[in-house]
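> My questions are about this predicted structure, shown below with the sequence.
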Amino acid sequence: MTYRIINIVVFIILILSISSCASFSKDVISTNLRPKTYSELKQIDGKYKIYADSDSLRTNIYENLVGVWWNSEKYKLDLDSNNKYFAELKLISENELKLSVYENEVEIKSEIVKGKLKNGMFYLKQNLSISGLPYVFGTFTNDKKRIILKNNSILIERIKHEFGAVVVIFTAGFKNDKTLEFKRIE
């Protein structure tokens, strides 16, 4: 019984210690903006382009905010290039953001995105996945996102981090961090 409790405590400590390993860059904030208060962050309310100008993969704003990278097909939003699209964001509270996607002025998708207002930015609920038995034969996978208000656009900063090992000896993993800017329409 004691051995089982020790294993559980060690596992919880391990999860808590590595859940913050994928850290956001301080460069994005220091070079572009200052943190906003809740009333200032309410300025996020508005319509935005569906695609970021700098994204060569052309993932849309919906996939960036709602999707998790290890299950991207579930959150895929197929868009017809002949139609006009935009996204509308509305900060409901310090913990909720409403995202609506419109096709030719008709709403086609709507989601309430959970998160937390912290340091003047909206941090989306972190997604953590465990496969196998990490550090024996398996991995931890972490997907973190935050939204930053910048002048006439929003920045979505996203970190994808996967790490693990085979019998603690053969460590493996990767970290991908990307910041996309979605311009306001209007």
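All right, it came through fine.

> Please count neighbours and contacts with C-alpha atoms only from this point.
OK.

> Against residue 100, how distant is the one residue sitting closest to the centre of the chain?
The chain has residue 145 as the residue nearest its centroid, 2.5 Å off, counting by C-alpha atoms, centre = their mean. As judged by C-alpha to C-alpha, to the nearest Å, residue 145 and residue 100 stand 18 Å apart.

> the strands in this protein, which residues?
In the chain, the strands defined using DSSP state E lie at 46-48, 85-93, 96-103, 106-118, 121-124, 127-133, 137-150, 153-166, 170-185.

> which neighbours does the third one have in its sheet, and in what orientation?
If you go by DSSP bridges, strand 96-103 pairs up with strand 85-93 (antiparallel), strand 106-118 (antiparallel).

> Quick one: low-confidence residue ranges for the chain.
Within the chain, the ranges that satisfy pLDDT under 70 run 1, 9-36, 56, 68-75, 134-136, 165-175.

> Swap in 50 and give it another go.
Along the chain, the parts satisfying pLDDT under 50 run over 16-17, 20, 31.

> my read: residue 117 touches residue 147, true?
No - here residue 117 lies out of contact with residue 147, judged by C-alpha atoms under 8 Å, at a distance of 9.6 Å.

> residues shared between the contacts of those two?
residue 123 (C-alpha atoms under 8 Å, 6 or more residues apart in numbering).

> which of those two has more neighbours?
Taking neighbours as other C-alpha atoms under 10 Å, residue 117 and residue 147 compare with residue 147 leading, 22 against 19.

> which residues sit in contact with the more buried one?
Applying C-alpha under 8 Å, 6+ apart, the residues contacting residue 147 are 121-124, 154-157.

> Correct me if wrong: residue 53 contacts residue 182.
Yes - counting by C-alpha under 8 Å, residue 53 touches residue 182, with 7.3 Å between them.

> And those two? Which one has more around it.
Shown here are residue 53 and residue 182; by other C-alpha under 10 Å, residue 182 has more neighbours (24 against 12).
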